[in-house]
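# Return atomic coordinates for the entry below.
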Amino acid sequence: MYLLVLHIIFPHIHEKDIEVRDYLYSKFDEALRNSIQMAIQTRSICTVEYGVGQCFINANRNVETKEGYWIGQNNSGYSNRDVRALLIKKENQCIANIINYDLQCSVLDKANVLSADIAGYVSQCFLNENIVSFFVPGAAADQMPKYVRQEYSEIKRLGKLLYASIPKSGISISGQIIYKTKLVELPKQVMKYATKDLKPHKTFDFEITNEKLYVPIEYIGFDQLNILLTKPELNSEYGVEIQHCFNEHTMIFTLINGGCKYLPQKSDYEKVTYMSMNTTIAQGADRIFLDAVMELKKEVRDESRKES
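Numbering: from 1, shown residues only. Next up, the predicted model:
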């Protein structure tokens, strides 16, 4: 089957010099366009498999302190350990993969290293095998690396564990591709503090506005696999709840086509977690979003019946 996966990411560049920033963006744009052109020129017939492994390098990051809940390493909190992988093969040899795991991409920064370096390390391991590898965050809003030390050697250690957990084979993916999208209307709240000014609070006045946020949910489905794509960052346990709307063969991609902060659960607002304060998405959005996923599932099912 032919499979074209195009995922465009524009990096956060905090360079204050406009000329330097524009130069960096232009080089990124040039590299991206060249990569797409090369992909088109070298496209070929491939088979696709979906596999799931287990990896224990993520930890919940909601920790209760004397001042209130804050970010830390909560090893007793919930973390989904599944590593989901799309394996793209040519003549039974893997030539590319897409890795999906509940792991934040912007923590460990106190040591001047980022959890994204873990994904980068894994991608480099596959590149050494002539396999193009791409990491997509799953429901990772309340997840962080389960580190022992905050230094680059820890990145390498965790990267090796993630690399070893990625399946080399899985169920065969085939059939007609179904694509659907749904725009969800979510309640909006006032984000009272800039991210850098946030601190723990025992209580917090969440002020809901009369405005609405419009968040897209995209669906790509095969006979044996469901892929849900959306902008907001979701909690790991909430991701499993969404997955159960379909079946165990479901991938959830977040931060797709941009981002819109966190989509917290009811418990986040009750505990006053970092995610509940650091978002413009208001309480109750998790149920609305989940209802929209159920509606999307029904639309997909109805369309599948028509085609059959």
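# what's the pLDDT at the closest residue to Lys89 other than its chain neighbours?
Distance criterion C-beta to C-beta, 6 or more residues apart in numbering; nearest residue to Lys89, sequence neighbours excluded, is Thr47 at 5.0 Å. From N, CA and C alone the C-beta is placed, and that goes for glycine too. Note on Thr47: pLDDT of 93.
# Isn't Thr47 up against Gly170?
No: if you go by C-beta atoms under 8 Å, Thr47 and Gly170 don't touch, sitting 11.0 Å apart.
# Comparing those two, which residue is more hemmed in?
Gly170 (19 against 15; other C-beta atoms under 10 Å).
# Need the phi and psi values for that one.
phi -170, psi -160 (degrees, to the nearest 10).
# Tell me how far it lies from Asn92.
13 Å (C-beta to C-beta, to the nearest Å).
# same for the longest strand along the chain, what does it pack against?
Assignment by DSSP state E gives strand 208-221 as the longest strand of the chain. If you count contacts as 3 or more C-beta pairs under 8 Å, 6 or more residues apart in numbering; DSSP states H and E, strand 208-221 packs onto strand 178-189, strand 226-230, helix 285-307.
# OK, contacts around the residue nearest to Lys89?
Shown in contact with Thr47 (C-beta atoms under 8 Å, 6 or more residues apart in numbering): 1, 88-90, 92, 172-173.
# Using TSV, lay out these together with neighbour count.
Shown next, in TSV, are the contacts of Thr47 (neighbours: other C-beta atoms under 10 Å):
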residue	neighbour count
Met1	13
Ile88	19
Lys89	16
Lys90	12
Asn92	7
Ser172	14
Ile173	20
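# got a list of what the nearest residue to Glu185 once chain neighbours are set aside touches?
With C-beta to C-beta, 6+ apart as the criterion, Glu185 has its nearest non-adjacent residue at 4.9 Å, and that residue is Lys212. Counting by C-beta under 8 Å, 6+ apart, Lys212 touches 185-188.
# what helix or strand does Ala39 sit in?
Here Ala39 is covered by helix 18-41, with elements defined by DSSP states H and E.
# neighbouring strands for the helix or strand just after that helix, and are they parallel or not?
Next in sequence after helix 18-41, counting helices and strands by DSSP H and E, comes strand 47-54. When sheet partners are counted by DSSP bridges, strand 47-54 sits next to strand 82-90 (antiparallel), strand 171-173 (antiparallel).
# Let me see the contact set for the closest residue to Leu228 other than its chain neighbours.
Computed as C-beta to C-beta, 6+ apart, the closest residue to Leu228 that is not its neighbour in sequence is Ile252, at 5.1 Å. By C-beta under 8 Å, 6+ apart, the contact set of Ile252 is 100, 138-139, 227-230, 234, 239, 242-243.
# Determine which two of the residues you listed are furthest apart.
For those, the farthest-apart pair by C-beta to C-beta is Ile227 and Leu234; their separation is 14.4 Å.
# Pick out whichever of those two has more residues nearby.
Leu234 (28 against 22).
# What's the separation between the more buried one and Ala59?
For Leu234, the distance to Ala59 - C-beta to C-beta - is 17 Å.
# same question for stretch 266-276, mean pLDDT?
Rounded mean pLDDT across stretch 266-276 is 97.
# Buried ones in it, by neighbour count?
268-269, 271-276 (16 or more other C-beta atoms under 10 Å).
# Just give me how far that stretch sits from the chain centre.
20 Å (C-alpha atoms, centre = their mean, to the nearest Å).
# what sits up against it?
Residues contacting stretch 266-276 (C-beta under 8 Å, 6+ apart): 61-62, 64, 68-71, 141-142, 198, 200-204, 206, 233, 235, 262, 264, 283-284, 286-287.
# buried subset of these?
Applying 16+ other C-beta under 10 Å to those flags 61-62, 68-71, 141-142, 200-201, 233, 235, 262, 264, 283, 286 as buried.
# residues touching Asp205, list them.
Lys192.
# where does the residue nearest to Leu228 fall, phi/psi-wise?
Backbone phi and psi, for Ile252 under degrees, to the nearest 10, turn out to be phi -120, psi 120.
# Distance check, it against Arg21.
In terms of C-beta to C-beta, Ile252 sits 32 Å off from Arg21.
# what does Lys146 give?
Lys146 is 35 Å from Arg21, by C-beta to C-beta.
# got the residue ranges for the helices in the stretch 101-250 of the chain?
116-127, 152-165, 236-243 (DSSP state H, counting those that start in this stretch).
# can I get the ones you listed in CSV with mean neighbour count and mean pLDDT?
What follows is those, written out as CSV (neighbours: other C-beta atoms under 10 Å; pLDDT from 0 to 100):
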stretch, mean neighbour count, mean pLDDT
helix 116-127, 19, 90
helix 152-165, 18, 92
helix 236-243, 20, 97
